[in-house]
Structures are given as C-alpha cells and as structure tokens.
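In: Below: sequence and its predicted model.
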Amino acid sequence: MPIRIPGQLPAKEILEQENIFVMEEERATTQDIRPLNILILNLMPEKEKTEAQLLRFLGNTPIQVNISFLRLTTHQSKNTSKYHLDTFYKPFSEVMSKRFDGMIITGSPVEHLPFEEVDYWEELQDIMNWSKENVTSTLHICWGAQAAFYHHYGIGKHELSKKCFGVFEHEVLLPNENLVRGFDEYFLAPHSRYTDIMLEQIRNHPELQILAQSDQAGVFLATSKDGKNIMATGHLEYDATTLAEEYFRDCARGIKTALPENYFPDNDPGKAPVYRWKSHCSLLFSNWLNYYVYQATPYEWD
C-alpha cells in the first residue's frame, strides 16, 4: 500500500523510480480507509537523503501511511534550505494538538555534546514528553535512541575509545518478540557513532528489554516492554553507499577516520560496497508498523 506525502517532496521521484507506491494527497482523500499517521522528526543534517531512506521502508508495507515532517524551532539547519523546511516541515506548535499513530526520531551529529548542551535539547524533551500521551509507538534511531534512553529511562551515554563505524553482525536475543519476527538468528546492520550505552544498564532496567546485540557494536535493538518506545542504536535505514559517503567526506575534511569495518570489499575503498542489510530493515519497519502501531493504535483517537 502507498505512503501519502506532499506531491513536490524531492524524495517522491526517487521512490517512484524504485517502484515504491507513492500517493499524493488528492488521490488519498478519495479512499475510504483509516491510514496510519506517522510523524517524523528528522534531525539529520542532509534531510532530503534521510527522507528518502525512511520513506523507502515505510512505503514497503501493506498499510497506507500518512507522513508528516516535524522541524525544530530552536535550531537552524545548515544543510537544508529554508524553503524545503518551510514547505514540507511543520513546527511543533502546529502538531502538538494532534495525535499520531507512530513517530520516528532520527539520529543527529551532536553525540560529542552532553545532552543538556545540545541547543534544542529542551524542545526535544518537550516533544518526547508529548509523545507519551499523543503517540502510540516511537522509533528512535542512533542518537535519537540514546536521547530516549537518557530522557525516558535515565540511562546515559559514554564515549568510545574509537568510532563504531562499519557493518556488524548482531544476534537476535528474543526471537519471539514481534519486532524481530522473520529475522535471521544473526543479521547485519551499519553503525556510525562515537558513543554507546551500557548493556548492563539497559538489561537491569525493569521497563526495558534487549532484542538484539553485537559483540563488536554492543546493543543494537531494545524496546520498552509496553512497545511504546523502540530504540535502534544503528542505521538499518542507510543506503549501501551512506557509510562510504561519510568516510570520504571525513577524509576530504582532514579528519582521520578509519575505514568502516566489514564494509568495502577486500577493505578497498575503490570497490563499491554491497547492500547486505536491506531485507532486515524492511522487516523492522513492517513489524513496527504492524504490531506496535497498526494493531495497538485506536481506530479513532479520543
């Protein structure tokens, strides 16, 4: 089934080229169906790339989905035009009176800062507090996951001795949980971060459970036991070339970044990386939408 997005959103053309069913608002209003309303708080710097990455998997399920994009008013984006944000994104003041079936909070390149020193931390806290009563389930990605661990459960992050950068193998610990239904016992997922969350702190928290972890990359997937908060510390939504783009960008800036592990064939950055995690990303998004959003949300919000 289709995702419903604004007709002029740049990601629309990319998705249509991949045969992902995108429906514009005019056609969607003629269908007698209750679609899921998903709010995306996109904190990534290159917002148009992230839009395409997320919409690709939100549109690969049998459920019709309405997409709304949320922007922060306490932070000015340096990499996305004001026109794009004003056209396709809404401030929190315009959505706070509404309720959403699901929400996604992305990663952000601010992990070197303590949470309280992030310029939009107070606004993000307001949004996360609002989500407790106004969103059925929220999927938090990378730094967004670390922010959720800290804000909702008091679990902080710590600096790693070196950047967790590459594609790592993960073991499914709770195969009967719906979020990992259909997953292989071991699966691959990309990571790109300088900080981490202590496994024992998550394991010992009475409201949380760990669904998947890696010997190299640590906890990858954790949820609250009520399914209201999903935390993914890596980036299953990444394209095949995203880590390569990050690596070459850092090199061009003179940043000494090691090659992403288990990524370039033969560790040769001249060879194109292989896309080895796409199917599990599809499963993650479809399982989240089905079991944690569609089957948990009321048909009509009171």
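Out: Arrived safely, thanks for sending.

In: And residue 44, what's its pLDDT?
Out: In this model, residue 44 is scored at 94, pLDDT.

In: That one contacts residue 108, doesn't it?
Out: Yes: in terms of C-beta atoms under 8 Å, residue 44 counts as a neighbour of residue 108; the distance is 6.6 Å. (C-beta placed from N, C-alpha, C; glycine too.)

In: State which helix of the chain is the longest.
Out: Scanning the chain for the helix with the most residues, using DSSP state H, yields helix 121-134.

In: distance between it and the chain's centre?
Out: Helix 121-134 has its C-alpha centroid displaced from the chain centroid by 17 Å (C-alpha atoms, centre = their mean, to the nearest Å).

In: neighbouring contacts of that helix?
Out: 41, 70, 72-75, 92, 96, 98-100, 103, 105, 115, 118, 138, 147-148, 151-152, 228 (C-beta atoms under 8 Å, 6 or more residues apart in numbering).

In: Okay, buried residues for that helix please.
Out: For helix 121-134, the neighbour count (16 or more other C-beta atoms under 10 Å) marks 121, 123-124, 127-128, 130-131, 134 as buried.

In: Next step: the contacts of helix 121-134 restricted to helices.
Out: The helices, defined by DSSP H, take in 92, 147-148, 151-152 from the contacts of helix 121-134.

In: what two of the residues you listed are the furthest from one another?
Out: Largest separation among these by C-beta to C-beta: 92 and 152, giving 18.0 Å.

In: Of the two, give the one with the bigger neighbour count.
Out: Per other C-beta atoms under 10 Å, whichever of residue 92 and residue 152 has more neighbours is residue 152, with 21 against 18.

In: coming back round to it: format the CA atom coordinates belonging to the longest helix of the chain as CSV.
Out: The C-alpha trace of helix 121-134 is given here as CSV (Å, rounded to 0.1, in the frame of the first residue of the first chain):
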residue,chain,number,x,y,z
TRP,A,121,17.5,19.6,24.0
GLU,A,122,14.7,21.4,25.9
GLU,A,123,12.5,21.4,22.8
LEU,A,124,13.2,17.7,22.1
GLN,A,125,12.4,16.9,25.7
ASP,A,126,9.0,18.7,25.2
ILE,A,127,8.4,16.5,22.2
MET,A,128,9.3,13.3,23.9
ASN,A,129,7.1,14.2,26.9
TRP,A,130,4.2,15.0,24.5
SER,A,131,4.7,11.6,22.7
LYS,A,132,3.9,9.7,25.9
GLU,A,133,0.2,10.6,25.6
ASN,A,134,-0.1,11.5,21.9
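
In: residue ranges for the strands of the stretch 101-250 of the chain, please.
Out: 135-141, 157-172, 186-197, 208-214, 218-224, 229-232 (DSSP state E, counting those that start in this stretch).

In: Just name the most buried of the ones you listed.
Out: Most buried of the strands of the stretch 101-250 of the chain by mean neighbour count (mean count of other C-beta atoms under 10 Å) is strand 229-232; its value is a mean of 27.

In: just checking, what packs against that strand?
Out: Counting contacts by 3 or more C-beta pairs under 8 Å, 6 or more residues apart in numbering; DSSP states H and E, strand 229-232 is packed against strand 135-141, helix 143-153, strand 218-224.

In: what's the closest of those to residue 170?
Out: Closest among these, using C-beta to C-beta: strand 218-224, at 4.8 Å.

In: The closest one pairs with which strands, parallel or anti?
Out: strand 208-214 (antiparallel), strand 229-232 (antiparallel) (DSSP bridges).

In: If anything else comes up later, I'll come back, but that's it for now.
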